[in-house]
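In: Below is the sequence, then the predicted model.
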Amino acid sequence: MASSLTCAGIIWAFLSFLCAAASCVGFFMPYWLLGSQLEKSVSFGTFRRCSYPVRDESRQITVMVEQCGRYASFQAIPSAEWRICTVVTGLGCGLLLLVALTALMGCCVSELISRTVGRVAGGIQFLGG
């Protein structure tokens, strides 16, 4: 397996993969904001939440659901800003992952990544970040 990458390119590929993986894990984990509500600890991220209040219409009270899960729909995300954050962060993680996987393939396939492709990938990575 020949590589078209230099030593710096191989290091870039592995660091890109590690950063993309960390970004994706951070995006999917619901621990962006931590706090407490109704004497229970709560946390949530862009599209997941843990221990959240729901209204029990039969008893006319608010109860805490002590489990983690996604919002029921995109419109259930609390605010327009939070929805925008979800879309932008998700797109950024997707771009970072695309560049990282392409760079890792460049470690194994010769002539896959040229100087121009490397510069374009760096620009896409900058945009994704």
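Out: Done, it's in.
In: what does the helix or strand residue 116 falls within contact?
Out: Here residue 116, judged by DSSP states H and E, is contained in helix 115-128. With CB atoms under 8 Å, 6 or more residues apart in numbering as the test, helix 115-128 has contacts from 9, 16, 91-96, 98-99, 102-103, 113. (Glycine included, C-beta is placed from N, CA and C.)
In: Show me those that map onto helices.
Out: Taking DSSP state H, the ones among those that sit in helices are 9, 16, 91-96, 98-99, 102-103.
In: From the residues you listed, keep the buried residues only.
Out: The neighbour count (16 or more other CB atoms under 10 Å) marks 9, 16, 92-93, 95-96, 99, 102-103 as buried among the ones in helices among the contacts of helix 115-128.
In: Out of these, which is nearest to residue 65?
Out: Here the nearest of these to residue 65, counting by CB to CB, is residue 93; it sits at 27.0 Å.
In: so how far is residue 37 from the closest one?
Out: Going from residue 93 to residue 37 by CB to CB, to the nearest Å gives 28 Å.
In: Then residue 125?
Out: 38 Å.
In: Just give the number of residues close to residue 79.
Out: By the criterion of other CB atoms under 10 Å, residue 79 has 8 neighbours.
In: Then residue 78?
Out: 10.
In: Just say helix, strand or coil for it.
Out: Per DSSP: H, G, I helix; E, B strand; the rest coil, the secondary structure class of residue 78 is coil.
In: now do residue 110
Out: coil.
In: And for residue 46?
Out: Taking three-state DSSP, the label given to residue 46 is coil.
In: Could you list the low-pLDDT ranges of the protein?
Out: Along the chain, segments meeting pLDDT under 70 span 1-4.
In: Residue 67: what's it in contact with?
Out: By CB under 8 Å, 6+ apart, residue 67 lies in contact with 50-51.
In: Wait, a strand at it?
Out: Yes - remark: residue 67 belongs to a strand, assigned using three-state DSSP.
In: how close does it sit to residue 59?
Out: Using CB to CB, residue 67 is found at 19 Å from residue 59.
In: State the pair within the contacts of helix 115-128 that is farthest apart.
Out: 9 and 91 (25.1 Å).
In: For residue 46, which residues are in contact?
Out: Contact partners of residue 46, counting by CB under 8 Å, 6+ apart, are 27, 32, 77, 82, 85-86, 89-90.
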